[in-house]
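1. the following block contains a protein sequence and its predicted model.
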Amino acid sequence: MLSVIYGGFILETFQKPLTQEEEAEYIRLLRDGSPEEAGQAQKILVERNLRLVVHIVKKYQNVDEDIEDFISIGCIGLIKAIRTFDENKGRLATYACRCIENELLMFLRGKKKSSREVSLFEPIGQDKEGNEIHLVDVIEQNQPDIVESMELSSNIKRLLALMDTLTERERQIIIMRYGLYGNREVTQNEIGAALGISRSYVSRIEKKALSKLREKFEQE
């Protein structure tokens, strides 16, 4: 059981998610209600969606940060989502998940930048000639960036979720071309041979499919 502090009190357990009708009513009160009604509506929307914060924070368990700090940052993302949500564009939970994850990634990027500014130029010893050695002198510049890796992983998941917007032929070519779902990447010539079409036709379908995915991705 996870205790989460919000609004000065401790929530020992997560409350039941709102139904679509309840969610719509509280969002209406948040927009059009009195200050008291809006404040109460926001409080309920946050409480009923806290499970989203914890669900997303679990993905960052290997990051060297305090879990309570992550939950607090995630709650900020949730509140931002509630305040900026457009009910004409789907369910709050879908939008809130993206806002929460974005808030956590922004927090990690800020911490990374601050850490580098403070510590990379700190002396860590001396060389054989007595010159100071700094961390920036010895650290590998091409080390994998965990924040960028997580952001890339998130974007890939979003793109895969959009594959259903493609036609069957477009989806087949994109999967083969980029080795999705564990498949081997293949060339346009190989795809053409497998499907019995020309390489140039494969290229046109691929470009059209990528354009569709890009447009849908940017709309989200």
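-> Structure's in. What do you need? All figures in this text were calculated on a predicted structure; none of them were measured in a lab.

2. report the helix or strand with the lowest average pLDDT across this structure.
-> Scoring the helices and strands of the chain by mean pLDDT, DSSP states H and E places strand 9-11 at the bottom, with a mean of 40.

3. ok, Gln20 - how many residues close by?
-> Applying other Cβ atoms under 10 Å, we find 10 residues neighbouring Gln20. Backbone N, C-alpha and C define where each C-beta goes, glycine included.

4. show me what contacts it?
-> Arg91 (Cβ atoms under 8 Å, 6 or more residues apart in numbering).

5. which parts of this structure are helices?
-> 20-32, 35-48, 50-57, 67-84, 92-119, 135-138, 146-161, 168-178, 188-195, 199-219 (DSSP state H).

6. so the third one versus helix 67-84, what angle?
-> Using axes from the mean of the first three to the mean of the last three Cα atoms, to 10 degrees, one finds that helix 50-57 and helix 67-84 are set 130 degrees apart in direction.

7. now the angle from helix 50-57 to helix 35-48?
-> Going by the same axes, to 10 degrees, helix 50-57 makes 50 degrees with helix 35-48.

8. can you pull the phi/psi pair for Lys16?
-> phi -60, psi 140 (degrees, to the nearest 10).

9. hang on, it packs against Glu47?
-> No. Look at Lys16 against Glu47 with Cβ atoms under 8 Å: they stay out of range, at 10.2 Å.
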